Every structure is written in structure tokens, then in C-alpha cells.
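Engineer: quick one, structure for this:
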Amino acid sequence: MDFQPDLPVPISYVSGRYLLFSIDVVTYLRREHHICGVLIGTLPQIPQQNVFLGLPLELMPEEARLLVDKGVACIVDETKAHDGMNTLLEEDRRRYLRDLESQGLHVSRIQTDRKERLREQTMKKLEEKGAKKKANASAAAAQTSAVPEDPTSTPPQSQKDASTVNLFAADESQSSSPAIEVSKNTTPQAPVAITPATSYPPLPTPSPSSYLSAPTVPPSYPLFAHLHSKGYFLSPGLRFGCQYMAYPGDPLRFHSHFLVVSYEWDQNIDLMDLIVGGRLGTGVKKGFLIGGAQKGIDDVDSEADRIDTVRAFSLEWAGM
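Structural biologist: Sure, this is the predicted structure:
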């Protein structure tokens, strides 16, 4: 069953960034509201890696503003939210440490059981190999028993193998039992150090009176909201030299269709910018989309009216 959070979901405002720390909320916003964001978290044990990033998810101001305008999310100042958690009760701290130790012991037992199974598999393979060699040696000895032996001749190779197998079996019988006994009488296992990646339960959502105001957004926000209302997934377009990348579906399943750049309604556009954008978009198999809101956009009464004032055009190069 799909997760349905209590609305509005809190967006943490930390040092000028809008962050989400709950994987359930991230999944919900991506599935229901086409909000992708950018993962910026590194693994606790591998802080230097920068390929497989994880939580938190950073939202563009436009994404955060869109969610606030739709009533899906609220902005929470994390500094103020943590004011009441400056001190941790001693009993809570001990309970938390005991929980981490319990998790570490569980991991340690799993590792020990895995090593024990591997050792047993290795011993079984050695026993099977020794039994096979012994059977081959016995069969070879039976075949040569009818042939008179020459006192001056050397023992056949099969007898050498049989004697080697017997010596191997004797050494194994003498050495394996003590090893097994030692493994059974080992000292108590030390717990594996656990570095928690998340903290649960999350902080309680503050009262509406403590919500921050809607994020300040760039002039390109009307075009962003317009394309989002048409069902597009939008992500930052820096690597393609534009403001946004517009995807017809989830970016995990689709390539982007447009390089998006916003302009003011009465802004003069350099023709070379259109040529460069159009050629770039065609070169990477995408359309170059420009657009903006009509002048006087701040005078409209509702968000829907403001989005409806946006006009957009796409440019593509075609061979003649």
C-alpha cells in the first residue's frame, strides 16, 4: 500500500536550503506531485564518495514554493525546531545506546554464522575430496593385486596416492576436532559499531503559527509552475546550459524533451541566444523551449490565473 503522509509535510529549511529527510515523503512527492529534487547526502562510512548519493533530498526554491502554494508542504526552520531538544534525558540516551548495541550484536552474529557455514562447507568439500581419492586408490590397488610384484620396482602411483590420502585423513582427524572445539568455546562476541543513517521518530511538526513564509523564487517560477501543471517533471538544467530540464514522465524512465529557459514578457531576446539554444537542443535530441508570464502577472488573484498567463514556444533545427 502506498504511503500517504499527513499534510502538510514539513520541508526543513537549513542554511538557506530546502531539505527532505524522510524517504517516505520523498517517494510520495515524486509519485503524486512530480517533485524530483536532488539527493545530496553521502554514506556515513564513505563520506568521500560522490556518485551514489542519498538523503537528504534538496529541493529547488521553485519546487518548495509550488508545494507550499498547493498546500502539500510547509516550511520549517530546523534551528527553531531543535531548540527544545538541546538536552537529552539520561534514560533516553542509555536506551538509544542499548538499541545501537543490540543492532551491533545482531550484525556480529550474522557475520559469525556466515563464517561458520563457510568453514563447514570447506570441511565438507575436503572430506569429499579425500574420500574420492581414497576410493580411486582402492580401485587401483584392487586392479594391480593380481599382478606379481617385482621386489626391485617402485610402488605404483596409486599406492602413493593412497598413502597420501591416509596421511591427509589422519592429519585432518587430529586437527579438525580441536578447531571445532575452539570455535564452540569462543568468548562473547563484540558488537559491530553501528552508524545510524536516520533518526526516528522524526521531529513533531510544529504548529502552523511557526511556519516560515513561502520561499522566494526567481522570475522563472511562473514558467516552472506552468510546465509542472502540464504533467512535466522538472529538474535543474545547469549541465545542459539552461534553467530546467523538462521530462514527459519520471526521469528514471524517460529522457528529457526540452531545455527550458525563461524570459520576461517584454524582454528583448538576442537572436544568437535563440540560435545557440536551438542548435544545442537539437544536438542533444531535445527541443529548446522558451516562455514567460504576461506583463502584470502580479495583479492576478489566484495561482491558477497566474499559471494560465504563461506562453511557451519551442525551437528545433531541421535539415533542409
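Engineer: longest helix in the chain, please.
Structural biologist: Counting by DSSP state H, the longest helix found in the chain is helix 90-144.
Engineer: counting by contacts, list what it packs against.
Structural biologist: When contacts are defined as 3 or more CB pairs under 8 Å, 6 or more residues apart in numbering; DSSP states H and E, helix 90-144 packs onto helix 157-184. (Each C-beta comes from the backbone N, C-alpha and C, glycine too.)
Engineer: what does whichever helix or strand comes after the helix it packs on contact?
Structural biologist: From helix 157-184 onward toward the C-terminus, using DSSP states H and E, the following helix or strand is helix 221-229. Helix 221-229 has contacts (CB atoms under 8 Å, 6 or more residues apart in numbering) with 34, 62, 65-66, 69, 217, 234, 244, 246, 260, 262, 291-293, 297, 303, 306-307, 309-310, 312.
Engineer: ok, stretch 66-82 next?
Structural biologist: Residues outside stretch 66-82 that contact it (CB under 8 Å, 6+ apart): 7-14, 18, 29, 33, 35, 59, 64, 203, 205-206, 208, 210-215, 224-225, 228, 303.
Engineer: convert that stretch to CSV, retaining C-alpha atoms only.
Structural biologist: Coordinates of each C-alpha in stretch 66-82 appear next as CSV, following Å, rounded to 0.1, in the frame of the first residue of the first chain:
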residue,chain,number,x,y,z
LEU,A,66,5.0,25.0,-5.6
LEU,A,67,4.3,22.5,-2.8
VAL,A,68,3.5,25.4,-0.4
ASP,A,69,1.2,27.1,-2.8
LYS,A,70,-0.7,23.7,-3.3
GLY,A,71,-1.0,23.2,0.4
VAL,A,72,1.0,20.0,0.3
ALA,A,73,4.0,21.2,2.3
CYS,A,74,5.1,23.8,4.9
ILE,A,75,8.5,25.3,5.5
VAL,A,76,10.0,24.6,9.0
ASP,A,77,13.0,26.4,10.4
GLU,A,78,15.2,23.5,11.7
THR,A,79,17.1,25.7,14.1
LYS,A,80,13.9,26.7,16.0
ALA,A,81,12.5,23.2,15.7
HIS,A,82,15.6,21.8,17.6
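Engineer: pull out the buried residues from that stretch.
Structural biologist: By 16 or more other CB atoms under 10 Å, the buried positions in stretch 66-82 come out as 66-69, 72-76, 78, 81.
Engineer: how about stretch 51-65?
Structural biologist: 56-65.
Engineer: domain-wise, how is the protein divided?
Structural biologist: Here the domain parsing of the chain from automatic domain parsing is 1-82+203-215, 90-184, 218-320.
Engineer: surely Ala312 is in a helix?
Structural biologist: No. Per DSSP: H, G, I helix; E, B strand; the rest coil, Ala312 lies outside any helix segment and is strand.
Engineer: who are the neighbours in contact with it?
Structural biologist: Counting by CB under 8 Å, 6+ apart, Ala312 has contacts 223, 226-227, 289-291.
Engineer: wait, isn't Pro236 in contact with Val38?
Structural biologist: Yes. At 6.8 Å, Pro236 counts as touching Val38 under the criterion of CB atoms under 8 Å.
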